[in-house]
Each structure stands twice: as structure tokens, then as C-alpha cells.
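Undergrad: let's see this in three dimensions:
(chains A and B)
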2 protein chains.
Amino acid sequence: MGKAIDIAIVGAGPAGMTAALYAKRKALKVRIFDSGAAGGQTALAVWVENYLGFGRIKGFDLTQKMAKHLEDFDIEIEEAAEVTGISKKGKGFELDINNGEERVEAKAVVLATGSKHKMLNVPGEKEFYGKGVSYCATCDGPAFKGKRVAVIGAGNSGANASLFFAGISSKVFLIEFDEKPAFDAIYSKHVKEAGVEMFLGKQVVAIEGKKMVSGLKLKGRAGGKDESLAVDGVFVYIGMTPRNGLAKKLGLKLDEKGFVKANGLGESSQPGIFIAGDATGELAQVVVAAGSGAIAATTVFEFVKGLR
Amino acid sequence: MGKAIDIAIVGAGPAGMTAALYAKRKALKVRIFDSGAAGGQTALAVWVENYLGFGRIKGFDLTQKMAKHLEDFDIEIEEAAEVTGISKKGKGFELDINNGEERVEAKAVVLATGSKHKMLNVPGEKEFYGKGVSYCATCDGPAFKGKRVAVIGAGNSGANASLFFAGISSKVFLIEFDEKPAFDAIYSKHVKEAGVEMFLGKQVVAIEGKKMVSGLKLKGRAGGKDESLAVDGVFVYIGMTPRNGLAKKLGLKLDEKGFVKANGLGESSQPGIFIAGDATGELAQVVVAAGSGAIAATTVFEFVKGLR
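TA: Take a look at the predicted model:
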């Protein structure tokens, strides 16, 4: 392992970038790869308002500042560099970059591969992203004070979001494709008391508007005529998909939703493989991901020094 | 509880500020109190280099930006407002501010009271803080590349710090007052192999220098002449003291070092009382504290809405 680096980081979102920064400052040899560009999901966020210290800032601008921070500390983010395989080699690991373009040996790996929101895949959804369509009430919800909002998906997260909007919006719809909500029983009472109007057995078939969302079109599963709802915001809560392809190949333990199991120190079920950020299923927030990246890198330092 | 606010936050460091921001954005009625000024320990840090996005920034400047962020979101940080007591009242809590100055009812409380580094209390320690004296290798260590460093305290944290310096510094001393190191056995081999020079049974009696630290003075516990060591940096690792006075009064479960036990969602052992930041004993880093503040506030939202 003479030529092995200490730590290879997969994914250059806030979790991976923070892990790289911490590892570098601990004088570890670090490389950080991203199949796309630096920033992860955060780069796609229209506005970020809750990463403490920056006030209201565009997601892309925030991630540019983050990438600049790494550059200042002589860390190069290797973009368009997909880690297409990870295998055990000696005491460490060998990473395959872009299907054979390069092989990188590392003593430890941090998977910071993130997750993505499931999409409805209906007309208008992509077009109005950031213009009324969102996947995160915590991130984008506060702008919908006094407005009309539809939350799509009546699981616990959707119910939680609908309760949040009930506290600030003029009207809240909670729309579910199934005939029964999937949320825990405790939500029933609260959703009802909060005046959230539920639609069950209804499918969203289109999101409409001009410059901004003005409504959506619903179709009954049992048939009948399409209905239109006038709303300013559509918050989609039909689940998250962890990017767990590498974790699966490695045989790491996953939870029932496919998130990678990690302990509070970022350790996965396999020695030498660490996890940070949204892929763990933790609260999907920039600052939380960054925090878990710092913790994982600190644990990696101990691992590389033979202390774990 | 008609006049009760939703959430009272005790401590306006990064954890408390982030919790306030998240709670406010979830339309909870929030107040945040600090016995001193906003910023917590971070405001005292000379430089912060690892809060992703800001590059290298003075601790005070960073916390000013954080406080401005709260101001932008109409959150007033109540400074010089010490929470001198918390008692159960009805379903919630009553907080006593500055020994009777005001009483505040809240449905939930977030303790973000932080912790402080134990000090040596020797001449030169305060004077050279930020000028060679530090309590955090992760924070301030990288500037000591190629320099001579003394780490004070041979527990696990001190050993860990000494191994970090062994990788970047020209000479590392590890100094312990007791005759035996307190670190785990596994460190012995690594500290030795890394070329760290240990002094056991030695007390630091002074830190010396002109503008910056140039050395320290040691006294043998068994007597003998004082010794001088020429060093550029003195990193003090003799323990952390959590600010747990309120937690103790509330009867919360603490760990063996006095940190407040919290689960991964910021819940303490008592319903309605939540914990975030350094007081939990988590990795004492700005971004980690901020992350745990976000998580705690998210849990508080569910608590206040009757979902927990």
C-alpha cells in the first residue's frame, strides 16, 4: 500500500467536501471524486436560507464558495470522475474510476454519495422546479406564507410538511395516490385539526402555471373527471432514493429504505468504509451533512493511524 | 400555556443559533437567550478554517455573520440574559431569566449551553491564547507545520493530537502531570513509533514568549530543577467541562464526564428538553454543533405538534 492514499471520498456535496477539508487539515492524503460537478443536491437548490452564516444564498453560489474553500486548502475536486467500483485490496481498497480510466488505492473510503428525491414525473414538474415545485418544506416552505400549497404524498414526511404549512399557509392540501394514508396514526388527528384537506386515491397528472405554479391537475384512481386545484406551491414527498449502488456492491448493511447504516462516528458495517451525509438517511440538510462529514473524517484519521 | 412560546433556546453559539433559525422557519414561537454575547466559544476562536464555505475567517467575524443571519430572519438574540432556572410548569416549562428579571413559559427547551476547555491556569496561558496557545489541534493545528509543539495532557485526545502533529511538525512533546499516561494502550505503540517525546510526572508552570509562544517551563512532580522546552505551540488537552448546570438541576441523564446524554435526534432523558452542540459531548466543531442544532429543532417541531 505504499502508493495508497489515506482516504478516497466519493461524492463532492457538503458532506464529502467537509470530510475532505477535515482530512486534509489532518495531513491525510486525500482525493475526492464526483461523477458530476461539485456541490451535490445543494448546487441544484434555488435558494438556501438555513446554512448558518450565509443568510439567503443561491444553492449554486453556496457550493461555489464551498468548492473555493477546498481550493484554498489545496484540495482538487475531481469532477466527472465516477467511482465505478470499489474492491478490497490488501488492507485497503482499490477504486475504479470511470470504468478503468484509473485505479486508486486508498486505506479508507468515505461514501458521501447522497440521495435524491423521488419525482412524480409529470408535465410541469421539472419546468417549475424552484418556481413553486419543491421537495423540501424545511428548505423552501417559509416562502409560502399566506399561500395555497399542495403536499403530495401522505407518508410521515408529507404529513409533517402539511402540518408545517397549516401553520403558515392559507390553504393546505395533502394528496395521496393510495386509498389510505401511509402516515402513523398519530398524524390523523393532527392533520385533521390543522384543517389540512386530504385527497385520497388521487394521482397528480400535471403541474400547471405560467411563470410560477398556479395549480395542479388530479385524476381519480377510480376514474371520473380530472379535477383542478389552484395552488401556489407543490411539495413532493413521495420518498427519497439513497444513492447506494457502491454500498450495495460492497455488501454494507442498509436500512429498510436502502440508506446505509452508520453509527454516530460515520462507521459503516465494514471496517475502512465510512459514510457521511444524506446517504445515511439522516436529516437531509446542508449543515447536517457537513457536520457528519467532519465526524467521519475525524474517525478516518483514527482508523488510518491504527487506533480503530 | 396560552402565553407560552413554543421553544426556548439556552445558549447562542452555532448550535443554539441554528436551532433558532430552523425553529423560526418552521413558524414556531422561539426565543434564544445567552448569558453573555452571541457566538459561544466560536466567537473566541482566533481563526476558523473549517466551517465549509467561509475559508479562513476570524471566529468573531464568523459569529457576527451567524448573528446577522438570525437578524435577517427576525430572530433577536437576547444577550446578557442568563437562564438561571428551569422548572416544570403544566405541560411545559418555566424559565427564570437573570434570577427573577423575567419568567418565560415554553413548551419545549433546547439546551445549547456548550462546554469549555479546562485551562492550565499558568502564567502566559491567557496572554498567548491564539498566539501559540490553543485547545484544539483540529482547529488550529495545521498552522504548526514544521514547527515545535507541546501537547499537554496524555489522555486519548492529547495522544490523538500528538499523532496529528507528528505528521506535520518538526518536533512533538507530550507532557503529562501524572506518572502514567491515561490514554488507551493502543496509543502507546503509535505515539512511540511516531517519535513523540513523552514527559511524565511533569507540571507546566509557565508558558513563555514575546509576541508569540517560544517555550514553556516544566517542573518535576518529584522535585528537581525546572526545565525549559523551546516550542512554538502549546496545545492543552486536559479535558473539557460541559456547561451542565441547568441539565443537572433538571435531573437529566449525564455521561461519566458530565456531558448530557442525547439520542441522535437531540432528545434528552426528559420529554420536552432537547440538547444540541458541545454539551452533548459530540465532536466539538462549529459545523457539527450547527448540524445538531438543526436536528434538535426539527425534533422539537414534531414534539410541539404533538407527534412525539
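Undergrad: need the pLDDT of the residue of the stretch 201-308 of chain A found nearest chain B.
TA: Residue of the stretch 201-308 of chain A nearest chain B, by Cβ to the nearest Cβ: residue A:291 (2.7 Å). Using the backbone N, CA and C atoms, a C-beta is placed for each residue, glycine as well. With respect to pLDDT, residue A:291 scores 98.
Undergrad: what about it, how many neighbours?
TA: Per other Cβ atoms under 10 Å in any protein chain shown, the neighbour tally for residue A:291 reads 33.
Undergrad: with adjacent residues omitted, what lies nearest to it?
TA: residue B:291 (2.7 Å; Cβ to Cβ, 6 or more residues apart in numbering or on different chains).
Undergrad: look at that neighbour and give its secondary structure.
TA: Three-state assignment for residue B:291 (DSSP: H, G, I helix; E, B strand; the rest coil): helix.
Undergrad: ok, now which ones touch the most centrally placed residue in chain A?
TA: The centre of chain A sits closest to residue A:115, judged by Cα atoms, centre = their mean, with a distance of 4.2 Å. With contact set as Cβ atoms under 8 Å, 6 or more residues apart in numbering or on different chains, residue A:115 has these partners: A:41, A:240, A:241, A:242, A:243, A:259, A:278, A:279, A:281, A:284.
Undergrad: mind listing what residue A:140 touches?
TA: A:46, A:47, A:134, A:235.
Undergrad: circling back to that earlier point, okay but the residue nearest to residue A:291 is in contact with residue A:292, surely?
TA: Yes: look at residue B:291 against residue A:292 with Cβ atoms under 8 Å: they come within range, at 6.9 Å.
Undergrad: quick one, phi psi at residue A:209?
TA: phi 160, psi -180 (degrees, to the nearest 10).
Undergrad: what bridges to it?
TA: residue A:213 (DSSP bridges).
Undergrad: can you name the two of the contacts of residue A:140 that sit furthest apart?
TA: A:47 and A:235 (14.9 Å; Cβ to Cβ).
Undergrad: who has more neighbours out of those two?
TA: Comparing residue A:47 with residue A:235 by other Cβ under 10 Å, the one with more neighbours is residue A:235, at 27 against 15.
Undergrad: just the pLDDT for the closest residue to residue A:58 other than its chain neighbours.
TA: Computed as Cβ to Cβ, 6+ apart, the closest residue to residue A:58 that is not its neighbour in sequence is residue A:47, at 6.1 Å. Residue A:47 carries a pLDDT value of 92.
Undergrad: tell me the residues of the stretch 201-308 of chain A that contact chain B?
TA: Residues of the stretch 201-308 of chain A found near chain B (Cβ under 8 Å from any Cβ of the partner chain) are A:264, A:282-283, A:285, A:287-292, A:294-295, A:298, A:301-302, A:305-307.
Undergrad: ok, which stretches of the stretch 51-200 of chain A are helices?
TA: A:59-72, A:137-140, A:156-166, A:185-193 (DSSP state H, counting those that start in this stretch).
Undergrad: give me whichever of the ones you listed is most buried.
TA: Highest mean neighbour count among the helices of the stretch 51-200 of chain A (mean count of other Cβ atoms under 10 Å in any protein chain shown): helix A:156-166, with a mean of 25.
Undergrad: pop the domain breakdown of chain A in here.
TA: What the record gives for chain A is the domain set A:5-116+A:240-304, A:119-236, from automatic domain parsing.
Undergrad: quick check, distance from the shortest one to the centre of its chain.
TA: Pointing back at domain A:119-236 there. From the chain centre to the centre of domain A:119-236 is a distance of 20 Å (Cα atoms, centre = their mean, to the nearest Å).
Undergrad: one more: the first one?
TA: Centroid separation for domain A:5-116+A:240-304 versus its chain: 12 Å, with Cα atoms, centre = their mean.
Undergrad: got TSV for the helices of the stretch 51-200 of chain A, with mean pLDDT and distance to residue B:197 too?
TA: Formatted as TSV, these follow (pLDDT from 0 to 100; distance: least, Cβ to Cβ, whole Å):
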stretch	mean pLDDT	distance to residue B:197
helix A:59-72	98	33
helix A:137-140	93	50
helix A:156-166	95	55
helix A:185-193	93	60
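Undergrad: okay if I get those as a markdown table plus distance to residue B:33?
TA: Shown next, in a markdown table, are these (distance: least, Cβ to Cβ, whole Å):
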| stretch | distance to residue B:33 |
| --- | --- |
| helix A:59-72 | 29 |
| helix A:137-140 | 24 |
| helix A:156-166 | 25 |
| helix A:185-193 | 29 |
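Undergrad: of all those, which one comes closest to residue B:166?
TA: From these, taking Cβ to Cβ, the stretch that ends up closest is helix A:59-72, at 24.8 Å.
Undergrad: the closest one and chain B in contact?
TA: Yes: against chain B, helix A:59-72 shows contacts by Cβ under 8 Å from any Cβ at A:62, A:65, A:66, A:68, A:69, A:72.
Undergrad: that helix - contacts with which helices or strands?
TA: helix A:14-25, helix A:40-44, strand A:47-48 (3 or more Cβ pairs under 8 Å, 6 or more residues apart in numbering or on different chains; DSSP states H and E).
Undergrad: residue A:203 reaches residue A:221, doesn't it?
TA: Yes: using Cβ under 8 Å, residue A:203 is in contact with residue A:221, at 6.2 Å.
Undergrad: identify the contacts common to those two.
TA: residue A:177.
Undergrad: so which of those two has more stuff around it?
TA: Taking other Cβ under 10 Å, residue A:203 and residue A:221 do not tie; residue A:203 has more neighbours (17 against 12).
Undergrad: the strands in the stretch 1-150 of chain A, which residues?
TA: A:5-10, A:30-33, A:47-48, A:57-58, A:77-78, A:83-89, A:92-97, A:102-111, A:115-117, A:133-134, A:148-152 (DSSP state E, counting those that start in this stretch).
Undergrad: save the ones you listed as a markdown table, and put in distance to residue A:127 too.
TA: Below are the strands of the stretch 1-150 of chain A laid out as a markdown table (distance: least, Cβ to Cβ, whole Å):
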| stretch | distance to residue A:127 |
| --- | --- |
| strand A:5-10 | 31 |
| strand A:30-33 | 31 |
| strand A:47-48 | 18 |
| strand A:57-58 | 19 |
| strand A:77-78 | 30 |
| strand A:83-89 | 32 |
| strand A:92-97 | 35 |
| strand A:102-111 | 33 |
| strand A:115-117 | 16 |
| strand A:133-134 | 8 |
| strand A:148-152 | 16 |
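Undergrad: for the stretch 51-200 of chain A, which residues are neighbours of chain B?
TA: Proximity of the stretch 51-200 of chain A to chain B, by Cβ under 8 Å from any Cβ, involves residues A:51-56, A:62, A:65-66, A:68-69, A:72-73, A:138, A:141-142, A:145, A:160, A:163-164, A:167-168, A:186-187, A:189-190.
Undergrad: ok, now with 6 Å
TA: Listed as neighbours of chain B in the stretch 51-200 of chain A under the rule Cβ under 6 Å from any Cβ of the partner chain: A:52-53, A:55, A:65-66, A:69, A:72, A:142, A:163-164, A:167-168, A:186, A:190.
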